[in-house]
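Peer 1: Build the 3D model from these lines:
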Amino acid sequence: MHRKMLNRDVAAFAARAGGNACPTGQCVRKRIAGDSRYHSVEDGGIRKPGEPPEGGCKLKLAPHRLHPLGWPGRAMGTSVEDGGELRSPWQTARPSAAPFRWSVLLVLAAALLVGCKAKDKEGDAETEAPTPVQVTEARRGPIDRVITADAVLYPINQASVTPKISAPVKRVLVNRGDHVRANQAIAELESRDLAASVNESKGMLDLAQAAYQSMTGATVIDDRTKAQADVAASQQALEAAKKVYDSRVDLVKQGALAQKLADDAKVAMVQAQSTFDTAQRHLETLQQVGQREQIAGAKAQVDAAQAHYENAAVQLSYAQITTPIAGVVADRPVYPGEMVTPGTPLISIIDISSVVARANIPVKDASYIKVGRPATISGPDGDIGGKVTVVSPSVDPSTTTVEVWVEAPNPGEKLKPGGTVRVSIKAETLQDVIIVPAAALLNSDEGGPKVMVIGKDKLAHERKISVGVRQGDNVELLSGVQEGEQVVVAGGLGLDDKGKVKIVEAPKEDEDDDEDDAK
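Peer 2: Numbering: from 1, shown residues only. You can find the predicted model right below:
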């Protein structure tokens, strides 16, 4: 109470020193240089000491009074004009001693205030409540280097079926969204002209085969047999003609036969010899040259007819459109009656039993990824495990990234090609590193990460750290924290360095569930 009264008096003294108005508001006074008395300025002027104001207002000084505590009391002045006692709280009875007395008063008040404030600070420090925090120990263990990126889904396989011949579409056997098997018929083209061409080619083939059979069967054998018979007959005729000629030559020598008959026998023998030679050469021709050439020619005709027939049959088969892969019909841009040409897309088939997520990874992160590493595709319906199948050997110059493919099964075909997913690739596993929860990381005032470590003195100490690999709720610390130290995971935000803390346990899940149920 005394301190409050002192503060009020000191404030009033300060107001007086500054020339403020008196508390009553009835008379404003100023101190004239060299004089401690006050002069009324109600009429707008300054008068000499003791001079009465216009209107008969005089100021009387009351006797000096002492405050019960020992400091100067308030002096009172009396105004004649208002007929009462005008109290001037700061007018003293002994003007000449006032400056010294008030100086002492100020020194004592300042000392008292400083002491009180220091005592209040000590009391506040002693009564400062510790901050409740939750802590956990920094531990050593393995952590996975997980690289995440956005990716676009593609089917594991796809085919755009196009016709190989120009023909009108007769009918389409599937619709968009239908599941098809490999080599299943999906469309049919007009093919009556092609069927007629096949029949014609078939007839030509049959004719060539018949000629070939004749050449290799009856004709060649008969010719050879006849030639052999001709050789044998001509040989016998030659031998008979030779005997006749020899006999007649002997008779001519004996004179029993005319020379002319001997000459006729000689002519007959020469003719028989010529016939024999011709038959023998014909037989040799059939056996050596003629038989091979005739068979080869017949065989060539058969082959040409066979090729023509097969070509016509293939053209006819092209009228039946089949799918090369199993999958789902993704698009069917044509309808019956439309004319299609080779290269025109007829039906699109995609296989989405498995999907491939293609992600663009920064070059620095891609250097850790190898083919075969496990990965996860996160989509709207949850996570699906897969593996890395492709790591592009080159960098895309437009994005300065490396394309990585992650293949995963697609049960129920829930993932659709063209959708966006998130891939997480486990590039490598780091062993025996310092690990803390990610909740322990804070931002320092100077910039960069920090953690609050609870020392043996039960105070919080700020530590600057270097962060390495992050995996889920765990973080690798490269420096700043040692194994076994307690780091703050809850309550560290706003906690000062060397601040008092109180370690509390995290609420159990069962208790949280009970509170939620109660709400």
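
Peer 1: can you tell me which helix in the protein is longest?
Peer 2: If each helix of the chain is counted by residues according to DSSP state H, the longest one is helix 220-254.

Peer 1: Which neighbouring elements make contact with whatever helix or strand comes next after it?
Peer 2: Following helix 220-254 in sequence order, the next helix or strand is helix 259-285 (DSSP states H and E). In terms of contacts (3 or more Cβ pairs under 8 Å, 6 or more residues apart in numbering; DSSP states H and E), helix 259-285 is packed against helix 220-254. From N, CA and C alone the C-beta is placed, and that goes for glycine too.

Peer 1: that older thread, in the longest helix of the chain, what's buried?
Peer 2: Residues of helix 220-254 classed as buried: 220, 223-224, 227-228, 230-231, 234-235, 237-238, 241-242, 244-245, 248, 252 (neighbour count, 16 or more other Cβ atoms under 10 Å).

Peer 1: same thing with stretch 326-342?
Peer 2: Those would be Gly327, Val328, Val329, Ala330, Arg332, Val334, Val340, for stretch 326-342 by 16+ other Cβ under 10 Å.

Peer 1: from those, which is closest to His282?
Peer 2: Distance ranking of the buried residues of stretch 326-342 against His282, using Cβ to Cβ, places Val340 first at 61.2 Å.

Peer 1: And the closest residue to that closest one other than its chain neighbours, which helix or strand is it part of?
Peer 2: Ranked by Cβ to Cβ, 6 or more residues apart in numbering and with sequence neighbours excluded, the top spatial neighbour of Val340 is Pro163, at 4.9 Å. Here Pro163 sits in a region with no helix or strand, counting by DSSP H and E.

Peer 1: Quick check, Pro163 in contact with Met339.
Peer 2: No - using Cβ atoms under 8 Å, Pro163 is not in contact with Met339; the gap is 10.1 Å.

Peer 1: Report the central residue of this structure.
Peer 2: By Cα atoms, centre = their mean, the mean C-alpha position of the chain lies nearest to Asp150, the distance being 2.0 Å.

Peer 1: in the sheet, who's paired with that residue?
Peer 2: Here Asp150 sits in beta bridges with Arg422, as judged by DSSP bridges.

Peer 1: Tell me how many other residues surround the residue nearest to Val340.
Peer 2: Look at Pro163: counted by other Cβ atoms under 10 Å, it has 20 neighbours.

Peer 1: Then Glu190?
Peer 2: Going by other Cβ under 10 Å, the residues that sit close to Glu190 add up to 15.

Peer 1: Enumerate every residue touching it.
Peer 2: With contacts defined as Cβ atoms under 8 Å, 6 or more residues apart in numbering, the neighbours of Glu190 are Ala167, Pro168, Val169, Lys170, Ala319.

Peer 1: Give the burial count for the last one, as a bare number.
Peer 2: Ala319 has 20 neighbouring residues, counting by other Cβ under 10 Å.

Peer 1: I figured it was touching Leu194, is that so?
Peer 2: Yes - at 6.2 Å, Ala319 counts as touching Leu194 under the criterion of Cβ under 8 Å.

Peer 1: so what's in contact with those two at the same time?
Peer 2: Taking Cβ under 8 Å, 6+ apart as the contact rule, the neighbours common to Ala319 and Leu194 are Ile165.

Peer 1: quick one: the residue nearest to Val340 from Ile321, how far?
Peer 2: Noted for Pro163: a distance of 6 Å to Ile321, by Cβ to Cβ, to the nearest Å.

Peer 1: Mutual contacts of the two, please.
Peer 2: Counting by Cβ under 8 Å, 6+ apart, the common neighbours of Pro163 and Ile321 are Leu189, Leu346.

Peer 1: Just want the angle from the helix or strand harbouring Val314 to helix 220-254.
Peer 2: Assigned by DSSP H and E, Val314 belongs to helix 291-317. What separates the directions of helix 291-317 and helix 220-254 is an angle of 170 degrees, with axes from the mean of the first three to the mean of the last three Cα atoms, to 10 degrees.

Peer 1: Any buried residues in helix 291-317, and which?
Peer 2: Taking 16+ other Cβ under 10 Å as the neighbour-count basis, helix 291-317 is seen to contain the buried residues 291, 294, 298-299, 301-302, 305-306, 308-309, 312, 315-316.

Peer 1: Check the average confidence over it, would you?
Peer 2: Mean pLDDT, helix 291-317: 86.

Peer 1: which element follows it toward the C-terminus?
Peer 2: Past helix 291-317, heading to the C-terminal end, the next element that is a helix or strand (DSSP H and E) is strand 320-322.

Peer 1: low-scoring stretches of the stretch 1-150 of the chain, by residue?
Peer 2: Per-residue confidence of the stretch 1-150 of the chain (counting by pLDDT under 70) places the weak regions at 1-128.

Peer 1: and which of the contacts of Glu190 is nearest to Gln280?
Peer 2: When the contacts of Glu190 are compared against Gln280 (criterion: Cβ to Cβ), the nearest one is Ala319, at 59.4 Å.

Peer 1: how about that closest one, what does it touch?
Peer 2: By Cβ under 8 Å, 6+ apart, Ala319 lies in contact with Ile165, Ala167, Lys170, Glu188, Leu189, Glu190, Ser191, Leu194.

Peer 1: swap in Gly455?
Peer 2: Contact partners of Gly455, counting by Cβ under 8 Å, 6+ apart, are His461.

Peer 1: gap between it and Leu283?
Peer 2: Counting by Cβ to Cβ, the separation of Gly455 from Leu283 is 123 Å.

Peer 1: Also Lys498?
Peer 2: In this structure, Lys498 lies at 127 Å from Leu283, with Cβ to Cβ as the measure.
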